[in-house]
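**Q** Could you look at this predicted model? Sequence included:
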Amino acid sequence: MRRTSLLLTLAFLAVAMASAQNKTVKTVPLQPTATLDGVDSYNQYCAVCHGKNGKGGGPAADALKKHPSDLTQIAPRNNGKFDDLVVQNGINGDNALPSHGSLEMPVWGELFKSVNGDASSRRLRVYQLVKYIEQMQAK
């Protein structure tokens, strides 16, 4: 529970300029989206780091120690195959990805429990998010 509380605090990121040269990451409380739609979830929870286009250039990207990955290159980096299960596991924190679950990248599966208490809504949110990321893949 303590880890979940810490992750909730770190969940939704926004960038504040402390000075022209020093960017810091400001945390704000996790807010639910209006729908479980993938685009809504992506824009609410992912775009601040990965950018609206998924290429890793969101407003918080420069303030992070590790630059967010380019989500449009998942399939191209995997010989053209987009593996839904690998992406789903990454979002849920089931994969040992250093960027997911660190202090900079929340484990969204855990955080979505606080937004959607029931398991079916949480699974649907993650599924829709995976499908939205799949649509971003570079051809």
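**A** Looks like it came in fine.
**Q** helix/strand/coil for the residue nearest to the spatial centre of the chain?
**A** Centroid check for the chain by C-alpha atoms, centre = their mean gives residue 46 as the closest residue, at 3.9 Å. Following DSSP: H, G, I helix; E, B strand; the rest coil, the label given to residue 46 is helix.
**Q** List the contacts of it.
**A** Residue 46 makes contact with 54, 58, 71, 129, according to C-beta atoms under 8 Å, 6 or more residues apart in numbering. The way it works is simple: take the backbone N, C-alpha and C, and place the C-beta from them, glycine included.
**Q** Now render the residues you listed as TSV, adding distance to residue 115, neighbour count and secondary structure.
**A** Listed next are the contacts of residue 46 as TSV, based on distance: C-beta to C-beta, whole Å; neighbours: other C-beta atoms under 10 Å; DSSP: H, G, I helix; E, B strand; the rest coil:
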residue	distance to residue 115	neighbour count	secondary structure
54	21	24	coil
58	20	20	coil
71	21	20	helix
129	12	24	helix
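**Q** Pick out whichever of the residues you listed sits closest to residue 91.
**A** residue 129 (6.2 Å; C-beta to C-beta).
**Q** Just the endpoints, please. Distance across stretch 58-75?
**A** Start to finish, the residues bounding stretch 58-75 are 21 Å apart (C-alpha to C-alpha, to the nearest Å).
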